[in-house]
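Asker: Kindly return the folded structure for what I paste below:
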Amino acid sequence: MSGPAWERSLEVRTAAQTHALAAALGAVLETGDLLVLTGELGAGKTTFTQGLGEGLGVRAGIISPTFVLVRIHPNLPGGPRPGGPDLVHVDAYRLESAAEIDDIDLENTMDSAVTVVEWGRGRVEHLSDSRLEVELHRPRGGAAGIGAAGMPAVAQPAGAPRAAADSAADPGVLDFDTDDDDEPRSVVIRGFGPRWAEAPALPGVVEPVPASGSGPATAPVPVTAPGPVTAPGPATAPGPATEPVPETTPQTPERNS
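Answerer: The predicted structure follows:
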């Protein structure tokens, strides 16, 4: 397997910046693009995919497809990219091989959609000669929680419930889809194949500036232009955490309608 044509490393400091970076990337994705999304539990994969959906102009309401394997989010005719691709969101956590990926027939939707596969490393590369790989890392529960194939480095019995595996991987994470803690994340994007021979320009994203005599330095991704500096006001108590959206009855695929 050949290496990436390029690699970009960025730092995001809040969930809003993670969303904004993904929205900028989603705006340059086209029909047939394949994106492999990797990150430890709570790294922000769902937040990132929601941003991709905004940039693509698909129907809102993106949640993890863990129990249905595949969710299809259709393009909005009245959205920012009418006539653009749908978003096919896949969770390959429970799938153990490329053959099981083939069983869910992603080839049938790739010609009309952008396909995003969580936990897809080592499983979906055969679907396209080009792909983007996106890795999200957070300071706690970091890279030690990711195995060589992009899976949590925690042994579990066959058929063990997903929640049990997640709890063993990081006892501090109660919900594997909890992306609401605002702490810095490193986002690494790599391009493979002729479609991604060059890194795309992402509107509104600050490019990393290489440090002298070292590798590329990361740069924060601004969400809005900075305003005038004002004296800090009194701190306010955080609001209640948003309850996770309950999963639906398993089915493959599920269309967001």
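Asker: which residues in this protein form strands?
Answerer: With strands called from DSSP state E, the chain shows them at 6-12, 34-39, 70-73, 86-91, 113-118, 131-137, 185-192, 254-255.
Asker: Using PDB, write out the CA atom coordinates for the second one.
Answerer: So that's strand 34-39. Extracted C-alpha coordinates of strand 34-39, given in PDB (Å, rounded to 0.1, in the frame of the first residue of the first chain):
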ATOM      1  CA  LEU A  34     -14.300   8.300   0.400                       C
ATOM      2  CA  LEU A  35     -13.300   9.500   3.900                       C
ATOM      3  CA  VAL A  36     -11.900   7.200   6.600                       C
ATOM      4  CA  LEU A  37     -12.400   8.700  10.000                       C
ATOM      5  CA  THR A  38     -10.400   7.500  13.000                       C
ATOM      6  CA  GLY A  39     -10.300   8.600  16.600                       C
END
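Asker: what packs against that strand?
Answerer: Secondary-structure packing of strand 34-39 (3 or more C-beta pairs under 8 Å, 6 or more residues apart in numbering; DSSP states H and E): helix 45-56, strand 113-118, strand 131-137. In this view, the C-beta of every residue, glycine as well, is placed from N, C-alpha and C.
Asker: could those be laid out in CSV, adding distance to Pro85, mean pLDDT and mean neighbour count?
Answerer: Formatted as CSV, those follow (distance: least, C-beta to C-beta, whole Å; pLDDT from 0 to 100; neighbours: other C-beta atoms under 10 Å):
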stretch, distance to Pro85, mean pLDDT, mean neighbour count
helix 45-56, 6, 96, 25
strand 113-118, 5, 97, 26
strand 131-137, 14, 97, 22
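Asker: Reformat those as a markdown table; add distance to Gly191.
Answerer: Output for the helices and strands packed on strand 34-39, formatted as a markdown table (distance: least, C-beta to C-beta, whole Å):
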| stretch | distance to Gly191 |
| --- | --- |
| helix 45-56 | 16 |
| strand 113-118 | 15 |
| strand 131-137 | 6 |
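Asker: so which of those gets nearest Ile72?
Answerer: With C-beta to C-beta as the criterion, Ile72 lies closest to strand 113-118 of these, at 7.2 Å.
Asker: tell me the angle of that closest one relative to strand 86-91?
Answerer: Interaxial angle, strand 113-118 versus strand 86-91 (axes from the mean of the first three to the mean of the last three C-alpha atoms, to 10 degrees): 20 degrees.
Asker: Give me the sheet partners of strand 113-118 and which way each runs.
Answerer: Using DSSP bridges, the strands paired with strand 113-118 are strand 34-39 (parallel), strand 86-91 (parallel).
Asker: Just give the closest residue to Ser97, not the sequence neighbours.
Answerer: Excluding the flanking residues, the one nearest Ser97 by C-beta to C-beta, 6 or more residues apart in numbering is Arg123, at 6.7 Å.
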